[in-house]
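*Asks:* no sequence for this one, just the structure:
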């Protein structure tokens, strides 16, 4: 099983960054790779379908959500990403000074393509790309 962990520091409060990244159903507003988000409710389950363009997509059910702790986790249950048994967590932690924070995005999965390529895709192409892009956009 492969594991990926990306941490990006922001010169903004944890509440401010969580207000952007903490919406499970608003990922299309801050992750450029997501062209369109549609949602589906199955009983009490919340599932997002992300259109990545060019026929790429992922289906991600929400597993856990804790607004007070600024963390949620989700899985990928279908799609074109070369992964199986994928579970990820996005968390925002306040720094000691209360004026800055870190966003941590982690995942574990079984790659269905060469492991290093998939690890690089998830860590840098998705997680780091999205968080660093947000940081640049905010000037944070």
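*Replies:* It's in. It should be emphasised that the depicted structure is a prediction, and the values quoted were computed from it without experimental measurement.
*Asks:* what sits up against the longest helix anywhere in the chain?
*Replies:* Among all segments of the chain classified by DSSP state H, the helix with the greatest residue count is helix 129-138. Contacts of helix 129-138 from elsewhere in the structure, counted by CB atoms under 8 Å, 6 or more residues apart in numbering, are 6, 8, 10, 12, 20-21, 30-33, 103, 105, 140. Glycine gets a C-beta too; all of them are placed from N, C-alpha and C.
*Asks:* residue ranges for the helices of the protein, please.
*Replies:* Defined through DSSP H, the helices belonging to the chain, from first to last, are 14-21, 115-120, 129-138.
*Asks:* need the winner for burial among those helices.
*Replies:* helix 14-21 (a mean of 19; mean count of other CB atoms under 10 Å).
*Asks:* for the protein, give me the ranges with low pLDDT.
*Replies:* Residues of the chain meeting the criterion pLDDT under 70: 140.
*Asks:* count of neighbours near residue 66?
*Replies:* Other residues near residue 66 number 11, with proximity taken as other CB atoms under 10 Å.
*Asks:* so it touches residue 90, yeah?
*Replies:* No. The criterion here is CB atoms under 8 Å, and residue 66 misses it with residue 90 at 11.2 Å.
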